[in-house]
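Asks: below is the structure, and that's it, no one-letter string:
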C-alpha cells in the first residue's frame with residue numbers, strides 16, 4: 001500500500017509540475033508578439049519657462065490613461081556626466097511600452113493622444129521619436 005501511495009504522490013507531483021510549467025509558457029500568439037518601445041523627446045519653444053515645462057509634463061501624464069500603454073516613464077535630462085555621446089539638449093522625454101505594434105497603433109489614434117497633441121503642441125519647437133521592437 002505504501003508503494004502505491006508513493007507512486008501516486010510522485011505521479012501527481014510530476015503532473016502538477018508539468019501543468020504549472022506549461023501554463024507559465026507563452027502561447028504561440030504571445031511568442032509571435034514583439035514588444036514596442038516608443039521614446040519621444042520634446043524641445044520646448046520657451047526653454048526657460050517652468051510653466052511650459054509643467055504644462056507639457058501634465059499633458060503627458062494624461063496619456064497614461066490609454067489602455068494599451070503597459071508602462072510609461074516621463075523624464076527630464078539627468079545631471080549625469082557630460083560626454084560627447086550624451087544629448088541632454090531636450091526638455092522632456094516620454095518612454096512608453098506596448099505589447100505589440102497593434103497596441104502602439106491604438107495609442108496613435110486614441111482621443112486622449114489626439115487631445116494631448118491639440119492642447120500641447122504649441123509648447124514645443126521640435127519632437128523626435130524613436131520606436132523600437134524586440135529582436
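Replies: It's in. Since this is a predicted model, take the numbers as computed values, not measurements.
Asks: can you show me the strands along this protein?
Replies: Using DSSP state E, the strands found in the chain span residues 36-44, 69-75, 92-98, 124-133.
Asks: in the third one, what's buried?
Replies: If you call a residue buried by 16 or more other Cβ atoms under 10 Å, then strand 92-98 has these buried ones: 92-94, 96-98. Backbone N, C-alpha and C define where each C-beta goes, glycine included.
Asks: tell me the angle it makes with strand 124-133.
Replies: Interaxial angle of strand 92-98 relative to strand 124-133 (axes from the mean of the first three to the mean of the last three Cα atoms, to 10 degrees): 30 degrees.
Asks: so which residues make contact with strand 92-98?
Replies: Contact with strand 92-98 is made by 35-42, 44, 53, 56-57, 60, 63, 68-76, 104, 107, as judged by Cβ atoms under 8 Å, 6 or more residues apart in numbering.
Asks: could you flag which of these are buried?
Replies: With burial judged by 16+ other Cβ under 10 Å, the buried subset of the contacts of strand 92-98 is 35-36, 38, 40-42, 44, 53, 56-57, 60, 63, 68-69, 74, 104, 107.
Asks: what number of residues lie near residue 111?
Replies: Close neighbours of residue 111, defined as other Cβ atoms under 10 Å, add up to 8.
Asks: hang on, the earlier thing: how about the strands of the chain in a markdown table, adding mean pLDDT and distance to residue 117?
Replies: Shown next, in a markdown table, are the strands of the chain (pLDDT from 0 to 100; distance: least, Cβ to Cβ, whole Å):
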| stretch | mean pLDDT | distance to residue 117 |
| --- | --- | --- |
| strand 36-44 | 98 | 11 |
| strand 69-75 | 98 | 16 |
| strand 92-98 | 98 | 13 |
| strand 124-133 | 98 | 10 |
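Asks: show me where pLDDT drops low in this protein?
Replies: 1-32 (pLDDT under 70).
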